[in-house]
Structure formats: structure tokens, C-alpha cells
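# Any chance you can model this:
(3 chains)
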Amino acid sequence: MNAKPLALHEDRLFPPDAPTRAIARRLYTQVAHLPIVSPHGHTDPAWFAGNEAFANATELLLVPDHYVFRMLYSQGVPLDAIGIPHADGSRAGVDPREAWRVFAQNFHLFRGTPSSMWLNHVFHDVFGLRVRLDAGTSDHYYDTITAALQTPDFRPRALFERFNIEVIATTESPLDPLQHHAAIRDSGWNGRVITAYRPDAVVDPEHEQFPGALEQFGEITGENVYTWDGYLRAHRQRREFFKSRGATSTDHGHPTSATADLSPTEASALFDRVVRGNVSPQDAELFRAQILTEMAAMSLDDGLVMQIHPGCFRNHNHGLFQRYGRDKGADIPLRTEYVHALKPLLDRFGNEPDFTLILFTLDESTYSRELAPLAGHYPSLFLGPAWWFHDAPEGMWRFREQTLASAGFYNTIGFNDDTRAFLSIPARHDVARRIDCAVLAKLVAEHRMDEDEAMEVATDLAYRLPKQAYRL
Amino acid sequence: MNAKPLALHEDRLFPPDAPTRAIARRLYTQVAHLPIVSPHGHTDPAWFAGNEAFANATELLLVPDHYVFRMLYSQGVPLDAIGIPHADGSRAGVDPREAWRVFAQNFHLFRGTPSSMWLNHVFHDVFGLRVRLDAGTSDHYYDTITAALQTPDFRPRALFERFNIEVIATTESPLDPLQHHAAIRDSGWNGRVITAYRPDAVVDPEHEQFPGALEQFGEITGENVYTWDGYLRAHRQRREFFKSRGATSTDHGHPTSATADLSPTEASALFDRVVRGNVSPQDAELFRAQILTEMAAMSLDDGLVMQIHPGCFRNHNHGLFQRYGRDKGADIPLRTEYVHALKPLLDRFGNEPDFTLILFTLDESTYSRELAPLAGHYPSLFLGPAWWFHDAPEGMWRFREQTLASAGFYNTIGFNDDTRAFLSIPARHDVARRIDCAVLAKLVAEHRMDEDEAMEVATDLAYRLPKQAYRL
Amino acid sequence: MNAKPLALHEDRLFPPDAPTRAIARRLYTQVAHLPIVSPHGHTDPAWFAGNEAFANATELLLVPDHYVFRMLYSQGVPLDAIGIPHADGSRAGVDPREAWRVFAQNFHLFRGTPSSMWLNHVFHDVFGLRVRLDAGTSDHYYDTITAALQTPDFRPRALFERFNIEVIATTESPLDPLQHHAAIRDSGWNGRVITAYRPDAVVDPEHEQFPGALEQFGEITGENVYTWDGYLRAHRQRREFFKSRGATSTDHGHPTSATADLSPTEASALFDRVVRGNVSPQDAELFRAQILTEMAAMSLDDGLVMQIHPGCFRNHNHGLFQRYGRDKGADIPLRTEYVHALKPLLDRFGNEPDFTLILFTLDESTYSRELAPLAGHYPSLFLGPAWWFHDAPEGMWRFREQTLASAGFYNTIGFNDDTRAFLSIPARHDVARRIDCAVLAKLVAEHRMDEDEAMEVATDLAYRLPKQAYRL
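Next comes the predicted model:
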């Protein structure tokens, strides 16, 4: 095996010029080992409740990671070749070792991407691998990882502890009984795994599960959710239940950031049209818009921090969606407008000191134009970090460089890993900390900030601000 | 007092790598002490006419600076806590020393922002402070600044001379009698303080002061401003009057950059609908659009340089606007289109060698896509510098890096401070000169330009181009 | 003659910090001398067929280069002063030596622009000039260049060979008889000059030549192009003919990237409305949209790679267009949408492994938001390089930094020079190779990629990927 060495350089992601790099290194030293606060993500609470071993390298690292398989697919690798499940639950009969080989042969496609950084970090630090992944080392990788996963040190709870996670939030539908969170709490294990309230399926009339979800929403709450008042009461009830399972936040994944502030009569009439079915696109949009304002009103009462993740065209690839279903790497960002869209909600709640609304975007052109000016004015607004397609080093740099002038550091909230790839969580937080230290080092090297100030900001971004913003 | 030292490093804002920094330093040495040309801004001519002492640190540096108090407000500081006046002219009874303490305690919020750079420059260079502003040094700051302001050296004219300002333009409404400019001229003082013609209140039918402003426009000019011809004559008359008070430019702050080229009959009919009241949004937009083309026509006759500052949603925060009025840090940029919007005006005047139109934007996505290609073609078009939310070091870099390819340096016009924060003017010009030298140093270090050429460009940007573009 | 020296530094365009520069230099050494693959451009095949001498410096370097004369025009130089032909074929009587002097006197306008880099490269490497171009050296330049052009070494074929061009594609209308390509083939000369199918004039009902072009399209193909089926057959026939002259690609320059997927009945009815004349803007847009999908269908059959170059407002300057006609530096980019626009085409052909669609943009805000996510998912989609207003070093950096995370390097296709400025082709490819090496060097210096991987990527981008993407 003529393998290339795999190393993680201690100065990775720091600017190459010597004076800036030295500052970055000093700043990073102070934040490298702070506990991980993960206030928004998509890990499966069942992992921590059941604490079962992960199956093998392919099932753990390849099949669930749409960053990875979308890149393979873009270069002609059929999803069946790596065993991605179909929409009907069936799967092509693929040997996971063979699937891993397809991945290994194509690992050069990831050069320069965040996936390669995260994966190499996992390979090196979690599994102790010291050669690069390629066709020649594929089986060595598969065997090493799969063997490790069978040992106690690689069970979910052991990894959680090894990763020094202080708290992690998962994301659930209002219809979820949250039994895994209850099981974790009842198990006596000390890991803090909390939920977050993500009501998309019961608030988006265009969601394919909406009618069934609404019915179930009524059953689970005992409310008549076909009346506007009952529907709102059902939300309040479930939000309380989610709080009892640790939730400190809600999350809303809408196609736009539209908000509305209808009178109760108008809202009720709109709701009647929505539940009747065959909703028009205009009514669907208006309903989602009104719901955001209703959710803000509830947040003011129950203290849940509100998050909006707007601006994605979900399931853009029609053929792929029909065969493989949702979340198959075919979600594409859209141009997103915030200034007009958020005004109805902000006119009602933007000046409330006890309300926190965290905004995200997939449209970077809004960083300096809309989001930073908004967050640099409204007391209730904060900016979530560079998100999804933008959580690469370059995207994080752009986020800071385009929001700093108007929002400063303190209207941002530190890092979200926002991932279902559990093993990559330390890698992702490490990248974010390194980039924030690099950004700060540049400011210090350009004599725009003293190093003691940068040190404080670095710590705030890595640890204090996410805890504060999410009320953890 | 355990205070941290405050210093302004001589290499601040220069790239940290040694070869580029050395070039930047050499370039900067040639432009650092050139006189300040400030062709667009919002200082109060009454300061220079009356030459009264400024009251205290809070009234001078905090209350008028919406960059500063919007950031404090965004982090929960009530505007009343720092004594921001209400719309009705009343003010919360706040001790200015206490207000300053609120500011000092929160000064960390500005880390990395342009405000911190500008303020530290003022503290250090204008007031000789040598410790950092924080809770512990708040009173020291307040006392030092307030005491200095009572001395002759800190009167407006003394500062004007100390700042080496060759010329400064203020901005007035057509209704302004310009008595302060007359008083300055008649006083025998040599400082050159000129006005600029900003007719927003009499050209925007949606401006809340429009009806009254129009009436006053008629009284002040003796024209029947309720006829289209009389209205245009009134503009021509006031523009002449402004020229007699030194004006070399007009300025237009519209929500969009729309222009129109209606026939006289259409324009006259539109004007009739506009003055009748209850104007439709479409007519209001069309009227503003037509006015820009009329202003261009007048510029061709009277030689006033035309500026358009489009794309801001003014007074976005409804509650704050009702209580505190305009200009309270709640203006938010909007996506702005130029290519279709400017065509009617450009089709008439874009090829006129004697017409100068300077374009600004709050939408950076237009730099490389629309503005630089337009300015790199039309003889009459020039690009104003990075504006408002974008006049930070990062924003200035983006402006240069995104306009250079298509517009070069010579279709831009050097720096505008665009500020009402008089004391920050040297700081702002210094930042702009440093960034331009840094940009040029990078080009030299990458062997894309020789250093003697960069030296010439640096001088042009700092001094020659603004004088030439604004006909000063 | 007090001339300044002209040199091309061996490290130009590499990052100035020493460690990164050293890596960039090593990478560049491996790709500097690879053959030029030019899969998309606008050189004139008649040059290579006839192999006549170019006339003089002005006719070769100034008159055909709209990058150059648009900048001169933007600063008040009349197009007649440099002898740009009028729309009616006439030209102002300008001595080419005088025109060159106007250019020389204004050469400082190009400081920092890509034109100055390309031109200096041509002056230095092609013509051996060692002093900078300015008013004092103008005649020296004119004489040196013009004299050289009369020698055999500066005939088109000799330059082609000296430039180490492996293959170059020109771009022709379906109406072109391609006689120059035939002549090249029949001449026994070994230079590979191929065509590309650019049907704008026969697919855009708003093109001023559309009616006549359609008629000619019928004559040349013998099809009844006034029926939808005959029209499509005519395209298929001409595409085959273009293939026989070496074409491996088609190219489509539309105002937007809209695609449509009408039923044959709908498409046929639309076509009937289009050929009837007086087409509505909506029908024109829909027709262009439908044609893109038809072209994709044909590509699947005949294997021609498809390119879309959307988003330009052609001939924005009305007065200039009337006097001088098309392509006079007055084309301005437009905001461009891809996610909704491409869906009809992608729903049909996006998952086809044998179909290649290369997307370009003039709207950089789509790099990270739309284009990279699309190319990082669909197997048939690839991203063309930074185009036209964006092919400067800064634009190339932005392209890489904003597409890398989601598309990686391997969903891009290397460089296109896209130029009619034949002599600048080596300069343009050299810039692209240097920037790609600089980007890769930064990744290596930041320890995100090993140097052996960067070496492979550099070679892929410079040589392998363009050949593969364009099936050369």
C-alpha cells in the first residue's frame, strides 16, 4: 500500500503570513478546548437514548451525509451505488464495503471543500487514521472504522463525552412524542440533549404531509385544530411540552422570510381557507407569514428563542425526489428578501427586549445589505452563523467581513453546527473557532483591535454568546 | 484606574505581510498630509458661522451619531438612556455624564467596527487621550473632552483649520435660506464651506413634508409652483442661488434609482396628479424618476454635478419613528437595480461630456454587475465611494476589488466622508487613504502595477479626483 | 525619450506573503508550459484560413478590443478619435498612428485592470517591448508592432504555433457556410481550429436579424423552417454540419436563463405565433426558453456540449448603438436567476449522464447561492469560468472562493478565454493559470490540501478538465 500520510496541521486555516498566524495561534489556544455548545442541529436523539453501536463506516459517514453524496452524484455516481435509501424504504443491494470504495475512489472530488476538512478531522482524530483516503486505502479505512464502532468507546454517549459537548439540541416536529428525550433524562446519564420546536409540517399548507399532520396535531393535543383558536392553543400546548423536554428554541424553515400581521378576523378567515384544502400559493405564503408572527407572540410569552431558516427551494430535482424522497442533496438556495418581509413582525415585536429572533440566510448578498443593518438596529434581532452552503472557511470569512461593520460581533451568536453528522461536530466547531480566531488575528495584525480584546471576543464567540442567545 | 493604553499604530489598516506593508507605508507617506477635500457631507454650517463651543462629550460625539446609538440600541440600551431627542423635541432628563457612562460600558460592542476606529482616532489625536475607553475611564474621558471643548482650540473654525480642510460641502434643502453660508462668507474667515442642493422634500410626493414644502417653495421663489413650468423654474432659480453660495453639486436620496423621460405633456399631467394630493405609489415613483431626468437637464445648463444616493428604506422601525422621528439608525438598505432604471436618463444625457452623474449604492451586489460596467462605459457616469453601511475597511476593499476590473480607478471619484460627525472627518479620510494605499500596495506587490504608478493613483484618489469630479 | 522600463515579473499575481508565494511558484512551474486549450472564443477563422498579415498596431490591438475602447470612451475619448467603424460601415478618417497616440496618452486609465495586464504581456512577450507605453513611447510602440506584423513570424498561423495552442474553437451562426474551417482543413496546416454552434439570430425572435435569418435558415437547409418540425430538423441538420467542421459544442447568449418544457402542441402553437411576427415579449422569452430545452434534447442525441451565457443587456447605449451598431462596449450585466429558470430543462435532462450543460454568469451573487449548489448536485451541470466583466484576477478569486464549497474544483471546467483579441490568448491563459495556482497555494499554505493534490488539481484545471468537459 503506497499510501500518502494524513496529518492535521496545528496551524490549519490560519492566515499564512507569519505575524497574523502567530496571533491566531495564541487566540486559538484559549478557545480550542472550551466545551461544545451546539444549540441547533439534527442529530438523532435515539442514538443517545439507546446508545447502540453504529453499524459500519458507510452507514455512519456516507449514507446520512448529503454534503457527501450530492458531490458524488454530481459527478455521475448513482445514488444506488452507495446504497442511499429510496422513498419507499427499499434500498439497492449494495455491499457497504463496495459503497465505501466508490467513495474512496472519488475522494479527490472533495479537495478544498469543507467536507474534506471535516472528514479528515474525523478520520484522524476520532479513528486515529494516519494515511489519506483513496482507492488504495479504502478497505483499510472501512475495516478500521467499522471495527472501532463495535467498541464501547465509540458508542454515542461515549463519543458525546469525548467530544466535550456541554449541550446539544436536536430538532423535532410538534407531532414527535419526544420519547427519546424522556428516555435520556430518565436514564441517569448526564449528557444534556434537548429538543427544539420545528413545526413546518403543521404550519406549511404546501407541505405534502400537512393534512395528515394537522389531524395528528389535533389528536395529540386534544384541541380542535380546525379552528384558528384551537390551532393556536395546540401550538402553545406543544411548545410547553417541548420546553419540558429542554427546548429553549423554535425553528422555522420557510421558503421566504415573509411575515404578516393580520387582524384576528383576517387570520381566522385565512385559516379557514387553508384547512379547507386546495390552498392557493398566495394563501399558503400568507399563512406561513402570519404563523411566524404568531410564533413570535408565543415566544414573548414562553421565552422560546425563535429561529428562521428561510430561502431554500427544497427537492429541486423532480426525478430524484420521486425516487429517493426528501433531503437528497437537491435543495437549492434562493434569492431572499428580508427588509420588507420582516417588517410586519418587527413592527410588533422588534423592539421587545425579551424577544430573541435569530436570522439565517442562504443568500449572502443580504449580509451587508439587509441582515447586518437590521441586526445592528433591532434589539430583538441576532444573526445566526454562515449556514449550510456557506459554512466553509471562505463562507465564514465572508459572513464576518460582511456583517462586522453594521452588526459588530455582538449581534451574532457564535456557531451552529446544524448537522446530522454526529462525528463531525468537533471538526465543525474547530473550523469555526479557527476561522473566528483568524478573523480576529487579522484585525489585531492590522491594529484595529488589541489582542486582549480579541481574546475576549474569541471566547465570547466560541462559548458565551451561543449560551446566552439560546438561553442555555 | 487600571486602564489599558490607547495607541494608534502607524501601520494600522495596512496588510500584515511585510513586503506589502512596506509598499503601503511608502504610498501612504505621500498622501497622509494632503489637504482634506470633503465634497459631500452633513456638517452643520451654523457651527462654522457661529463658531460657538460644542457643549460636552455626549452632545458632540454620542447624540448626533446614529452609527453609535443604533449599535447601543441593538443591544438593548434605550435611546432615552443616552438622551436622544424625541420627535416632539422633548428629551428624557439624562445627565450627559451618565449617558457617556452607558456608552463607555458598552464600548466593546464596537470592536472591529468603523465606529471604534473613528472614535479612537478622535480620542487619541483630537483630544490626546492615551487610555482606552471603558467603564473605568468613562469619567476621565468625559471630563477631558468636555474641558477641551471649552477652549478656543476646539471651536469649529479652529478644528476646521487644524484638520487641514481645503473645502467642505454641507447639504441643504431648497427651502433653506443659506444664511449660515452667507455669514461665513461675510465673516472674513477663509474656511471654504459650500452648500449642495438636496431637494428631496420638494420632489418626493411621499415625503411627509411635501405639501408644506411645496407651498414654501412657491413663497421663497415667487413662482407658481403648482404648474409644471413654474415648478421647474423654481428649481432653476434655487439652484442658481445655491451656486451663489458655493454649491457645485446636487444630491438626490431616492428609494430607487428609477429615472423617466416623459414628454412635456405627460410630465405636466403627472405633476397635476401629484400636486392634487393622494398620489398613488406608482405616480410618486414616476414623478421622482422624471425629476431625476429634469435635474440632469438642469445640470447640463448650470454645471452642477449630480449625485444619486438610492436604495434605502427610511425609518423602518415604525414605533421608533413615531416616538423619535427620522434618522434614528433605523434606515435599512434595499436591493437596488440600475441597468433598466437609469436607461431613460442615460439615453438622453449619458453621452454628454459636460454632464457628471455620480452614483452611489447600498447594494454591493451591483458593484461588479451593474455599476462598474456602466461607469466603465458612459462618459458622464462616475462611481461614488463605498457608502454608509459600507464605508468600513472591508467595505472599501470590496468596492475597489469589485469595481476595478470594469471601471478602473479613474471612473471613481475618491472619498466622501458623508458625515455629520465633524470631529471624525480626519479619521474617516485617513481610513480611506490607508485602504486605497493598501489596495494599491497589493497590486504593486503582485506586480500588476509599478510603484510610481501606484503613487500617482494614490494622490489622485486622495486629492485630485474629488476636486475634479466635483468641479472644486 | 525618458521611458519607464516594462517588465513581467515572474511572480506576478502570486500572493505576496513568502510561504504562499513559494508554493504558488512551484505549482505554476508545472502548468506554465502546458498547451493552450481554448474551447470557447471569438477569433476569426479567416485569419487562420488566409494567414494574411495583420495591418498595424491600431487595427490589431485597439479597434477590435471593446474592453479597451469602452474604457477610453468612458473618459471622454470619442470613438471616432480611434477609428471605430460606424454601423453603416463608414469610418472617421483617422491616421492609425494618431489613434494609437490617443490610446498611449490614456494608458494610465487601465491601471489595475485586466486589460493592462493582457496588453503589457502582449507588448513584452509577443513584441519584445521593454519600455512602458505612454505618450512618449507611443510612436516607438506603433512602429515596432506594425513592423513586426509584416514579418512571417507574426502571421496568424505562426502565432498560433508559437502560442502552443492545441485547439481553438471559434463561434459561428447556423447560417455560416464555415468555408474558412473547410479551407483550414484542406490547407494541410495542422492547427486545430474548430467551430461552435451559436444560433442566437435564428432562435431569438427579438433579434433584429431574426426574420431574414429564418428565411436564410430555410434556404441553407432546404427545410420548411416555418413549421415547428421543419425548424427543428433544420437545427439538427446544421448541428451535424457544424460537427463535421469540428464543433463539439453549442452556445446560447440569452437575456435570461429561462427554460421551458412545453408539449409539442404548445410549442408548435408558440412557434406559429413567433414566425407570424410582432411577437410579444412574453412569447419571445418563452420561445427562447423552449429552444434551450430543445437544444438540450438535440445535445443528448448528437453529443454537442451545451453552453448558456445569459444575463446581458445588449446595446444599452441607444445613441451609440444607432451610430456604431452592436458590440461597442455598451453591454451591461443584469441580475440573473437560475433556480426556477433552469428547472424545466433540468427536470427533463438534468440527471442524464451523457448530457453536459456548462453555465456562465455575469451575476456573481449567484456563484455561492445558485450555481455552485446546482452544479454540486446535477450530474449534467458544470460551471464555466469567471466570465467577461469578471475575468480579472479579483473576479477569478471570487469565482473560486464562492464556488469551491458546494461545487469543488471538479464541477468546474477550467478556463475559457472567450476573446476575439487573438494576441492576448497566451496572456489570458497565463493569468488564469497563475490565479488557480495562487488559490491552490493558499489552500496548501492553510493546510487544507497537500501540495501533491494541489499539483494534480492545477494540471486538471489548466489542461485536462477543459478537454474533458468539451469532449476535445
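# Contact residues of the stretch 51-200 of chain A facing chain C?
The stretch 51-200 of chain A comes close to chain C at residues A:70-71, A:73-76, A:108-114, A:116-117, A:132, as judged by CB under 8 Å from any CB of the partner chain. Yep, even glycine has a C-beta here, placed from its N, CA and C like the rest.
# gap between the residue nearest in space to the middle of chain A and residue B:373?
Among the residues of chain A, the one closest to the centroid is residue A:418, at 1.8 Å (CA atoms, centre = their mean). Here the criterion is CB to CB, to the nearest Å. By it, residue A:418 lies 37 Å from residue B:373.
# same check, this time on residue A:108
Relative to residue B:373, and taking CB to CB, residue A:108 is found at 37 Å.
# Going by how many neighbours each has, rank those two and give me the top one.
For residue A:108 versus residue B:373, neighbours defined as other CB atoms under 10 Å in any protein chain shown are more numerous around residue B:373 (31 against 19).
# picking that back up, does the residue nearest to the centre of chain A really touch residue A:386, like I thought?
No. The pair residue A:418 / residue A:386 is not scored as a contact, 10.2 Å apart, by CB atoms under 8 Å.
# Check what pLDDT the residue of the stretch 51-200 of chain A found nearest chain B gets.
Residue nearest to chain B within the stretch 51-200 of chain A: residue A:112 (21.0 Å; CB to the nearest CB). pLDDT recorded at residue A:112 is 98.
# Could I get the pLDDT score of the residue nearest to the centre of chain A?
Residue A:418 carries a pLDDT value of 96.
# next one: the one 5 residues further on
Taken from the predicted model, the pLDDT recorded for residue A:423 is 97.
# which stretches of the stretch 201-350 of chain A form helices?
Secondary structure of the stretch 201-350 of chain A by DSSP state H, counting those that start in this stretch: the helices cover A:210-221, A:228-244, A:264-275, A:281-302, A:318-324, A:343-349.
# out of these, nearest to chain C?
For chain C, the closest of the helices of the stretch 201-350 of chain A is helix A:318-324, at 4.5 Å, according to CB to the nearest CB.
# What is the closest one packed up against?
On a contact count with 3 or more CB pairs under 8 Å, 6 or more residues apart in numbering or on different chains; DSSP states H and E, helix A:318-324 meets helix C:343-349.
# Can you list the helices and strands that the helix it packs on packs against?
With contacts defined as 3+ CB pairs under 8 Å, 6+ apart, helix C:343-349 has these neighbours: helix A:318-324, helix C:281-302.
# Please state the offset of the helix or strand that contains residue A:372 from the chain centre?
Residue A:372 belongs to helix A:372-375 when assigned by DSSP states H and E. Centroid separation between helix A:372-375 and its chain, computed with CA atoms, centre = their mean, to the nearest Å, is 21 Å.
# now do stretch A:155-162
The answer for stretch A:155-162 is 20 Å, by CA atoms, centre = their mean.
# Buried residues, that stretch. List them.
Within stretch A:155-162, the residues scored as buried using 16 or more other CB atoms under 10 Å in any protein chain shown are A:155-157, A:159-160.
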